[in-house]
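In: Here's a sequence, model it:
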Amino acid sequence: MGKEIGGDAFTADDFVRFGRRLGVETRHARAAYARGDFANTGTVAGFELEAWLVDDNFFPVPRNMAFLARMNNPLVVPELSRFNVELNGTPQRLFGTALSRLEGELTATWQQCLRVARDDAAALIAIGILPTLRESDLSPASMSPYRRYAMLNEQILTLRGGRPLTLDIVGIDSLSTTHTDVMLEAATTSFQVHLQTPASAAARTYNASMILAAPLVALAANSPFLFERALWHETRVPLFEQAVDCCDPGHPEHLRVTFGSGYLGTDPTACFAENLSSYAVLLPFEVPGPVGSYAHLRLHNGTIWRWNRLLIGFDDSGAPHLRVEQRVMPAGPSIIDMIANAAFYYGVVHMLASQTVAPEARIPFAVARDNFYRAARYGLQAPLVWFDGQRATAAELLARELLPMARVGLAQLDLAASDVERYLGVIAARLQSGQNGANWQLAHYAKYHDFFRLTADYLAHQRRLMPVHEWPI
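Out: Residues are numbered from 1 along each chain as shown. Purely as a prediction, here's the structure:
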């Protein structure tokens, strides 16, 4: 989905040809994994950060094309809407000072973005859902001018038989509305963390990532408001799931945005076979190249947004590798908060994936899934069911078990001790204060009842690079 596609319309033959090639590539990937052709060395970290362009009144400003032209930075690319952009990090081998290198590069890119935006009387803000967002901002007129987005919108509505998309969220308050396009998706901005693993560890890492999704989304929650309603602590979750819902109403398990249908077994490429059998093709664009480039498999996989997604990439030698994309964390509140969240994730998922008894044998998939939605709704105070039926709030579980686990995991990965202390110290302080991004926003609005002041204060604190536990209200 990150690359532009050509053509003006799709024909029935396009779907047939794409489906045939998709089947060939899926079978090739499974055979290649069985032969041991996927890279089986090293761990590599990376990220994608989605952000908003806003004007002096803190409304979204749809000028990303001009902004990107002035940026002229390959790490900063377009997103679905004209008021969003995506910042990427250069992948880093996960050892030594990898975490501080990720932070340093992101800080430099972010500061460049702020300077370029300022030249156009705009600002950049990293926040899960912009509190000042209006429903009228999410119209086709605000869609970035790329064919892939227009075609995606067209195909989703076609699969829905022209039925409008219905948004129905019950949380602190409730919200119900309908849209005739997929632009609701543009309201959900994320900090997506990547972890390339040895192929032999991919399934265990993926399953561990699913189990960790609940406490991780509680820890990082930063999206409590949508259209001036307080909903879930991480409202991105129900919003994104409903924004691109094109499944048959009789088969909710085939939602395009989903927690998934189960843990992976010994062959992680089984998820690509599930993609082939369970999900209609949305963008049947033929891509030249050998079967082993997996171009059609990767394009199809890019239109299925599991909260944890397995991806195929290629290393410098051209060998295919597998990596997990952890998608549950929102953008913001600050750069150090996001890198700290990534550090926590890398440390804990390493420990979970390397346990003698697989964690997925100790917590049923349905329990992990229910945990995730409770954590997204209630944040740090969400009641979770953990291994062997243990019960605790997300905050208790994070402080008592997972933060110490993260420290051991990062040490085992040979991360610099100074980095471990810096980033996990931020997590510890956040847990001690009980103030993540969602709780700060909810407390700020409860005090001032002003979404514009909330956004202004949030942006000021973010620009100072302050971790959220230090933000005054």
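
In: So for I427, what's the pLDDT?
Out: You'll see I427 listed with a pLDDT of 98.

In: my read: it touches A406, true?
Out: Yes: I427 lies in contact with A406 (C-beta atoms under 8 Å); the separation is 7.3 Å. (Each C-beta comes from the backbone N, C-alpha and C, glycine too.)

In: tell me, what's touching these two both at once?
Out: A343, F344 (C-beta atoms under 8 Å, 6 or more residues apart in numbering).

In: what residue ranges in this protein score low on pLDDT?
Out: 1-8, 247-254 (pLDDT under 70).

In: how about the residue most central in space within it, what does it touch?
Out: Centroid check for the chain by C-alpha atoms, centre = their mean gives R327 as the closest residue, at 2.5 Å. Residues near R327 by C-beta under 8 Å, 6+ apart: S190, Q192, W305, R306, W307, N308, R309.

In: Next one: it relative to R148, how far apart?
Out: R327 is 19 Å from R148, where distance means C-beta to C-beta, to the nearest Å.

In: ok, now F225?
Out: 29 Å.

In: the more surrounded of these two?
Out: F225 (26 against 21; other C-beta atoms under 10 Å).

In: which residues touch the nearest residue to that one once chain neighbours are set aside?
Out: Leaving aside its chain neighbours, F225 sits nearest to P131 (4.7 Å; criterion: C-beta to C-beta, 6 or more residues apart in numbering). P131 makes contact with F225, E228, Q441, Y445, F451, L454, T455, Y458 under the criterion C-beta under 8 Å, 6+ apart.

In: Tell me the buried residues within these.
Out: Among these, those buried by neighbour count (16 or more other C-beta atoms under 10 Å) are F225, Q441, Y445, F451, L454, T455, Y458.

In: Nearest to Q242 among the residues you listed?
Out: Nearest to Q242 among the buried ones among the contacts of P131: F225, at 16.5 Å, using C-beta to C-beta.

In: In contact with the closest one, which residues?
Out: I129, P131, L231, T235, Q441, Y445, F451.

In: any idea which of those is closest to A295?
Out: Using C-beta to C-beta, the contacts of F225 come closest to A295 at I129, 33.0 Å.

In: Would you mind measuring from the closest residue to the closest one other than its chain neighbours to I127?
Out: Setting aside the residues directly before and after it, I129 is nearest to S223 in space (C-beta to C-beta, 6+ apart), at 4.4 Å. Note on S223: its distance to I127, by C-beta to C-beta, is 8 Å.

In: Kindly report the same for P467.
Out: Look at P467 and I127: by C-beta to C-beta, they are 15 Å apart.

In: One more: R306?
Out: With C-beta to C-beta as the criterion, R306 and I127 are 23 Å apart.

In: for the chain, longest strand please?
Out: Taking DSSP state E as the criterion, the chain has its longest strand at strand 44-54.

In: Convert the C-alpha atoms of it to CSV, please.
Out: Output of strand 44-54 as CSV, limited to C-alpha atoms (Å, rounded to 0.1, in the frame of the first residue of the first chain):
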residue,chain,number,x,y,z
VAL,A,44,16.1,-5.5,13.2
ALA,A,45,14.0,-2.7,14.5
GLY,A,46,12.1,0.0,12.6
PHE,A,47,9.0,2.2,12.8
GLU,A,48,6.4,4.3,10.9
LEU,A,49,4.9,7.4,12.5
GLU,A,50,1.8,9.0,11.1
ALA,A,51,1.2,12.7,11.9
TRP,A,52,-1.2,15.5,11.3
LEU,A,53,-0.7,18.9,9.6
VAL,A,54,-2.7,21.6,11.4
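
In: quick one: it to chain centroid distance?
Out: 9 Å (C-alpha atoms, centre = their mean, to the nearest Å).

In: And it, what does it pack against?
Out: strand 84-88, strand 92-93, helix 98-118, strand 123-125, strand 191-197, helix 335-353 (3 or more C-beta pairs under 8 Å, 6 or more residues apart in numbering; DSSP states H and E).

In: okay, the angle between it and helix 335-353?
Out: Orientation of strand 44-54 against helix 335-353 (axes from the mean of the first three to the mean of the last three C-alpha atoms, to 10 degrees) gives an angle of 140 degrees.

In: who are the neighbours of whichever helix or strand comes after strand 44-54, in terms of helices and strands?
Out: Of the helices and strands lying after strand 44-54 in sequence (DSSP states H and E), the nearest is helix 64-71. When contacts are defined as 3+ C-beta pairs under 8 Å, 6+ apart, helix 64-71 sits against strand 76-78, strand 84-88, helix 98-118.

In: tell me the contacts of the residue nearest to I129?
Out: S223 sits in contact with I127, G128, I129, T188, W232, H233, E234, T235, R236, P330, G437, A438, where contact means C-beta under 8 Å, 6+ apart.

In: again, only this time at 6 Å
Out: Applying C-beta atoms under 6 Å, 6 or more residues apart in numbering, we find S223 in contact with G128, I129, E234, T235, R236, P330.

In: Could you pull out the strands in the stretch 301-450 of the chain for me?
Out: For the stretch 301-450 of the chain, the strands defined by DSSP state E, counting those that start in this stretch cover 305-306, 308-314, 320-326, 383-385, 391-393.

In: Just put the ones you listed in JSON lines and tack on distance to V367.
Out: Output for the strands of the stretch 301-450 of the chain, formatted as JSON lines (distance: least, C-beta to C-beta, whole Å):
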{"stretch": "strand 305-306", "distance to V367": "18"}
{"stretch": "strand 308-314", "distance to V367": "16"}
{"stretch": "strand 320-326", "distance to V367": "19"}
{"stretch": "strand 383-385", "distance to V367": "5"}
{"stretch": "strand 391-393", "distance to V367": "11"}
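
In: between those, which one is nearest to F38?
Out: Per C-beta to C-beta, nearest to F38 of the strands of the stretch 301-450 of the chain: strand 320-326, 5.2 Å.

In: what's the angle from the closest one to strand 308-314?
Out: Going by the same axes, to 10 degrees, strand 320-326 makes 150 degrees with strand 308-314.

In: what lines up beside strand 320-326 in the sheet?
Out: Counting by DSSP bridges, the strands paired with strand 320-326 are strand 191-197 (antiparallel), strand 308-314 (antiparallel).

In: ok, back up a step: could I get the strands of the stretch 301-450 of the chain in JSON lines, plus columns for mean neighbour count and distance to R362?
Out: Output for these, formatted as JSON lines (neighbours: other C-beta atoms under 10 Å; distance: least, C-beta to C-beta, whole Å):
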{"stretch": "strand 305-306", "mean neighbour count": "20", "distance to R362": "22"}
{"stretch": "strand 308-314", "mean neighbour count": "18", "distance to R362": "18"}
{"stretch": "strand 320-326", "mean neighbour count": "23", "distance to R362": "20"}
{"stretch": "strand 383-385", "mean neighbour count": "19", "distance to R362": "11"}
{"stretch": "strand 391-393", "mean neighbour count": "15", "distance to R362": "14"}
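
In: Can you tell me which of the ones you listed is nearest to H28?
Out: strand 320-326 (10.1 Å).

In: which residues sit against that closest one?
Out: 38-39, 192-196, 199, 202, 205-206, 209, 308-309, 311-315, 345.

In: and stretch 141-156, how far out from the chain's middle?
Out: 20 Å.

In: Show me the contact partners of that stretch.
Out: In contact with stretch 141-156 (C-beta under 6 Å, 6+ apart) are residues 4-5, 62, 78, 80-82, 181-182, 244, 246, 282-283.
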